[in-house]
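Enquirer: can't give you the sequence, but here's the structure:
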């Protein structure tokens with residue numbers, strides 16, 4: 001599960017640590033959105049070059065300065081920032097699910113986590129994001145469908161189709177989902 005979870009497994013996870021980790025995931029999502037906004041300002045290429053000059057003495061600078069090419073055209077910058085946004089979105093949702101599932105399992109409260117209105121929705125989304133970004137229902141999933149959360153429905157007709165993002169799991173909906181997870185964990189688990 002990576003460094004994030006190995007740190008957790010080395011210490012007893014309590015509700016305070018859980019809340020902090022969930023907030024960190026949400027903060028990462030917000031920081032990425034703000035970073036993308038800064039990257040699309042008209043002075044971003046010059047700020048990028050100025051920053052490279054400031055960081056020239058750091059050994060890792062040479063390994064990422066190549067990325068300046070994304071500023072060569074608006075189309076390329078739009079594509080690159082969209083891919084970055086999607087990557088952060090995928091990682092934040094996957095980490096959120098894995099973290100609350102781990103917490104439920106480690107504290108013998110999995111039943112309380114699974115009782116959340118968002119749980120099955122987020123579980124299916126997480127599975128989709130962790131594999132090929134296509135919705136692939138298991139037999140277990142099919143028994144639970146349709147799955148509803150906050151006006152969104154995942155249903156059988158979505159089988160083998162890409163997870164809709166723009167008009168379905170939009171950035172505002174992702175924030176609502178993260179907030180719903182945090183609220184449920186604060187109110188319903190110890």
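Expert: Right, received. Where do you want to start? It should be emphasised that the depicted structure is a prediction, and the values quoted were computed from it without experimental measurement.
Enquirer: Now do the same for the residue nearest to residue 103 when sequence neighbours are not counted: its pLDDT.
Expert: Using C-beta to C-beta, 6 or more residues apart in numbering and skipping residues adjacent in sequence, the residue nearest residue 103 is residue 18, 5.1 Å away. Heads up, the C-betas are built off the backbone N, CA and C, glycines and all. In this prediction, residue 18 carries a pLDDT score of 95.
Enquirer: and what of residue 11?
Expert: At residue 11, the predicted lDDT confidence score is 53.
Enquirer: before we move on, what about residue 81?
Expert: As predicted, residue 81 sits at a pLDDT of 94.
Enquirer: Correct me if wrong: the residue nearest to residue 103 contacts residue 99.
Expert: Yes - between residue 18 and residue 99 there is a contact under C-beta atoms under 8 Å: 7.0 Å.
Enquirer: show me the contacts for residue 39.
Expert: 77, 81 (C-beta atoms under 8 Å, 6 or more residues apart in numbering).
Enquirer: again, only this time at 10 Å
Expert: Residue 39 is in contact with 45, 47, 48, 70, 71, 77, 80, 81, 84, counting by C-beta atoms under 10 Å, 6 or more residues apart in numbering.
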